[in-house]
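# Build me a model from this:
(chains A and B, ligands or ions: 1)
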Amino acid sequence: MDFSFTDEQSMLRDTVASYLSDNYSFDARRAALKAEPGWRPEVWKAFADELGILGAAFSEEQGGLGGGPTENMIVMEECGKALVVEPYLGTVVIGGGFLKHGKPAGADDLIGKIVAGEVIIGFAYGEPQARYTWQDLKTTAKKDGAGYVLNGHKAVVIGAPYATHLIVTARTGGSQREANGVSVFIVDRNAKGVTTRDYPTVDGFRASEVYFENVSVPAEALIGSEGAALPLVEKVIDEAIAATCAEACGVLTRLHEGTLDYTKQRKQFGQPISQFQVLQHRMVDMFIQVEQSVSMTYMAHIKLGESDVERAKAISAAKVQIGKACKFVGQNAIQLHGGMGMTDEMAIGHYFKRATMIEGAFGSTDHHLARYEGLSLGKAA
Amino acid sequence: MNLDFSPEDVAFREEARSFIAENYPQILRDKAARNEDLTKEDYLSWHRILAKKGWSVPSWPKEFGGCDWTPTQKYIWSEEQARADTIGILPFGVAMLAPVVYTFGTPEQKAKFLPDIRDGNIWWCQGYSEPGAGSDLASLKTKAERVTGDDGKEYYIVNGQKTWTTLGQHADWGFFLVRTDPDSKPQAGISFLLIDMKSPGIEVRRITTLEGGHEVNDVFLDNVKVPVENRIFHENQGWTCAKALLAHERSGIAGVARSKRGLERVREIASTEQSDMGGPLLADPFFKRKVAELEIDLTALEFTELRTLAGESSGKGPGPESSILKIKGTEIQQRLNELALEAVGHYGAPYMRDLGHNHGVGPVYADGLAGDYFNGRKTSIYGGSNEIQRNIIAKMVLGLG
Ligand SMILES: Cc1cc2nc3c(=O)[nH]c(=O)nc-3n(C[C@H](O)[C@H](O)[C@H](O)COP(=O)(O)OP(=O)(O)OC[C@H]3O[C@@H](n4cnc5c(N)ncnc54)[C@H](O)[C@@H]3O)c2cc1C
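Here you go, the predicted model:
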């Protein structure tokens, strides 16, 4: 048993942390979010060139540095601490995940471009009616000669306004909610027939409603096997959840630390409010939630390589813990800041907003409890 | 013990219902449908319509314009307003300041201020909290020194900073707690002043809340000259007024009728949204159970409030028990916000405020729910935080230290 990190991994963490602490202050972030394009391409460029971290989770054969999920975990946790909005999750974790596991033609070329910071990917999987059922798809891909033609509407695609590519789930067969018939495509964001309606999200990202209208893609756009890609989708989304749990650990750490710091310096009734036992216990409970979340995030990453069922159980268990922690720690961080917690000016509220959105990301706490129950205790009759 | 409405109550309910249906401004409905921010005139328009009907201040003593309604009638009135999704009348003048004025004010003060509060002619804000004085309100530092003006009249010169002043950007007047005796014990040296917000030396600065709204402000007071006759009650005894006011502030905060309506809205959303099992979200056993639990919690609060109201009508004012209503009322409102946001899944994320609320992304009912959830965290912080309310119950009700 070993929970320690290699020297390379510790270095990766230090590199990301020190870059973000120098270049990703709360004020700089805020200014960037308020302006167009709502993210900082120069940060992404620095991730690629100066830090060279975009290849950390790819194998050496694929032009990476030989790491995997643990590297993603480290980067995402640091991103969580600074509330990074640049598209590491969509591009490296999800885009990279599909390319690694689906091995489409041209994967190595695309991975090379991801590592170089030239390709940015948005994951277009959700649909307005679908909630958290990934195979609930109205988007269709019809065979057309050697290629396919896509039609449909994807909801709240994070990073889509500035992505170079979209990875799209679509139906090549089967009925709307059937497991069979799910396929995955990589589509040029500027392909003819792709339109978007762009907007900011409450936690500072940019996203789009994405509409596909008779979008022609070549046969090589298919990732994984036609009509049988649901297991691949689930695997990659599970990896994305693990990475999001890691991000959440960063967010939760900041919420907790920020609250400790604030209550130690805020005085009411002639004493620091951290002296009130009821607040001490609250902060202890927050601390316990943070620790449990870190533990479950490690567990989830360790089990990513196991069988589909074991992996899914581990991921859903982790997401349940993270979801509960995001709610409890987030709400209490605001509460213990009093009025100050309600202001846009203080960072704490922005961590709370991100924590809240993580609760629902890739499935709510209820969704993952139900998934875990089904896998661990058998499906309800 | 019974809950039956008398024939008079039923008739009153009909009257209230049709009055709202016939008189509630359409523009307020339209703006609510578009999730648009209200202007000052919007807020006041409904107040003024009610004032014409004689219903803007039902809880006041009859002589100042109150309605002498029975607790049942008050209950019916709040139910009907919630049922019709009307905006609330702002509490600052009507519910917070007025009881202080009619309890502690001079006849001149009553005559000068109460009619305008009743009729919605003047917008009031509450200037209590300071950067250093939140939960520990009595530690407030804004200072008022008494001077004789060139005109031979007595004035206070007020200096300091207030904060979290709700809708102070619209305020014509504010009621302020200020320190008139720096040397006595904290509670003993405070006075209650009414200040014209247009007085020279007042500056109101926006504080943006985490969902992006402009609801609270900093108020800076720099040598603001306030006539002594604008002081309510005795000098250095403002704390007595403040305490009375805080109890009123708390009892209004339960919001049972509004929460019932909120629960209906959650049910509506969850009957439209699809669950992961197919079929409506409201049929999902997890979600359904949470709605049921909340409904039960709300029923308990409703009956607790009714018991409190009955007690009030038998002559007791709102006492420390009203802290129960504040705690449970706000917890339930916050839980409603949680469930609504959870129900809409992905469409909680789009942020439309800056784009105009009719941006047309996702279902209309999802618009602003995340903002409501974030903003709703305030309710367990203001009006005496829920921790402070628990301290009050521990001390005053349970006698624990
Ligand atoms: C949206 C909003 C609108 C407001 N509107 C107005 C207004 O119009 N006018 C006005 O005057 N004020 C207003 N307030 C101010 C409000 O009354 C204060 O925020 C409140 O009194 C808490 O004070 P504080 O923010 O300084 O928090 P603090 O007092 O610093 O409290 C921070 C935390 O410590 C806890 N705490 C403090 N003391 C104790 C204790 N003894 N035991 C246990 N826990 C404790 C609190 O519960 C809280 O969780 C508003 C506040 C908000 C958020």
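
# only C-alpha atoms for contact and neighbour calcs from this point on.
Will do.

# So what's the residue count around whichever residue of the stretch 51-200 of chain B sits closest to chain A?
Proximity of the stretch 51-200 of chain B to chain A (CA to the nearest CA) peaks at residue B:136, 5.6 Å away. Residue B:136 has 17 neighbours, counted by other CA atoms under 10 Å in any protein chain shown.

# Helices of the stretch 251-400 of chain B, residue ranges please.
Assigned by DSSP state H, counting those that start in this stretch, the stretch 251-400 of chain B shows helices spanning B:256-272, B:285-313, B:322-343, B:369-375, B:386-392.

# List the buried residues in the first one.
Taking 16 or more other CA atoms under 10 Å in any protein chain shown as the neighbour-count basis, helix B:256-272 is seen to contain the buried residues B:256-263, B:266-267, B:269-272.

# wait, does it contact chain A?
No: on the criterion CA under 8 Å from any CA of the partner chain, helix B:256-272 is out of touch with chain A, staying 9.9 Å away.

# and that helix with helix B:285-313, angle?
Between helix B:256-272 and helix B:285-313, the angle comes out at 170 degrees (axes from the mean of the first three to the mean of the last three CA atoms, to 10 degrees).

# angle of helix B:256-272 against helix B:322-343?
With the same axes, to 10 degrees applied, the angle from helix B:256-272 to helix B:322-343 works out at 20 degrees.

# Tell me the gap between helix B:256-272 and the middle of its chain.
Chain-centre distance of helix B:256-272: 21 Å, with CA atoms, centre = their mean, to the nearest Å.

# Kindly report the same for the fourth one.
On the basis of CA atoms, centre = their mean, helix B:369-375 is displaced by 17 Å from the centre of the chain it belongs to.

# Please measure how far the first residue of stretch A:336-346 sits from its last one.
Using CA to CA, to the nearest Å, the end-to-end distance of stretch A:336-346 comes to 13 Å.

# how far out from the middle of the chain is that stretch?
26 Å.

# Around chain A, which positions in the stretch 301-401 of chain B sit nearby?
So the stretch 301-401 of chain B meets chain A at B:342, B:345-347, B:349-352, B:361-362, B:370-371, B:374-375, B:377-378, B:380-382, B:385 (CA under 8 Å from any CA).

# before we move on, the earlier item: surely the residue of the stretch 51-200 of chain B closest to chain A and residue A:268 touch.
Yes: applying CA atoms under 8 Å, one finds residue B:136 in contact with residue A:268, separated by 5.6 Å.

# Residue A:29: how many residues sit nearby?
So residue A:29, with other CA under 10 Å, has 19 neighbours.

# Work out for me the element it sits within.
Here residue A:29, judged by DSSP states H and E, is contained in helix A:26-34.

# Equivalent analysis for residue A:321, please.
Secondary structure from DSSP H and E places residue A:321 in helix A:308-337.

# following that helix, which helix or strand shows up next?
Scanning forward in sequence from helix A:308-337 by DSSP H and E, the next helix or strand is helix A:347-360.

# Okay, angle between that following helix and helix A:308-337 too, please.
Here the directions of helix A:347-360 and helix A:308-337 differ by 150 degrees (the same axes, to 10 degrees).

# Report whether helix A:347-360 contacts the ligand.
No: judged by CA under 6 Å from any ligand atom, helix A:347-360 makes no contact with the ligand; its nearest approach is 12.2 Å.

# For that helix, what is the distance to the chain centroid?
On the basis of CA atoms, centre = their mean, helix A:347-360 is displaced by 13 Å from the centre of the chain it belongs to.

# Then stretch A:61-79?
Relative to its chain's centre, stretch A:61-79 lies at 14 Å (CA atoms, centre = their mean).

# contacting residues around it?
If you take CA atoms under 8 Å, 6 or more residues apart in numbering or on different chains as the criterion, stretch A:61-79 is touched by A:9, A:12-13, A:16-17, A:54-60, A:88-89, A:93, A:108, A:111-112, A:115, A:239, A:242-244, A:246-251, A:301, A:304.

# before we move on, which element is residue A:207 in?
Going by DSSP H and E, residue A:207 is in strand A:206-217.

# what pairs with that strand, and is each one parallel or antiparallel?
Sheet pairing for strand A:206-217, assigned by DSSP bridges, gives strand A:147-158 (antiparallel), strand A:194-200 (antiparallel).

# from those, which stretch is densest packed?
Neighbour counts (mean count of other CA atoms under 10 Å in any protein chain shown) averaged over each of the strands paired with strand A:206-217 peak at strand A:147-158, with a mean of 22.

# Just after that one, pick out the following helix or strand.
Assignment by DSSP H and E places the next element after strand A:147-158 at strand A:165-171.

# shaky segments in chain A?
Applying pLDDT under 70 to chain A flags residues A:379-381.

# ok, now the stretch 301-401 of chain B?
Within the stretch 301-401 of chain B, the stretches with pLDDT under 70 are B:312-318, B:356-358.

# who in the stretch 251-381 of chain A is up against the ligand?
Residues of the stretch 251-381 of chain A found near the ligand (CA under 6 Å from any ligand atom) are A:268, A:273, A:276, A:278, A:335-339, A:342.
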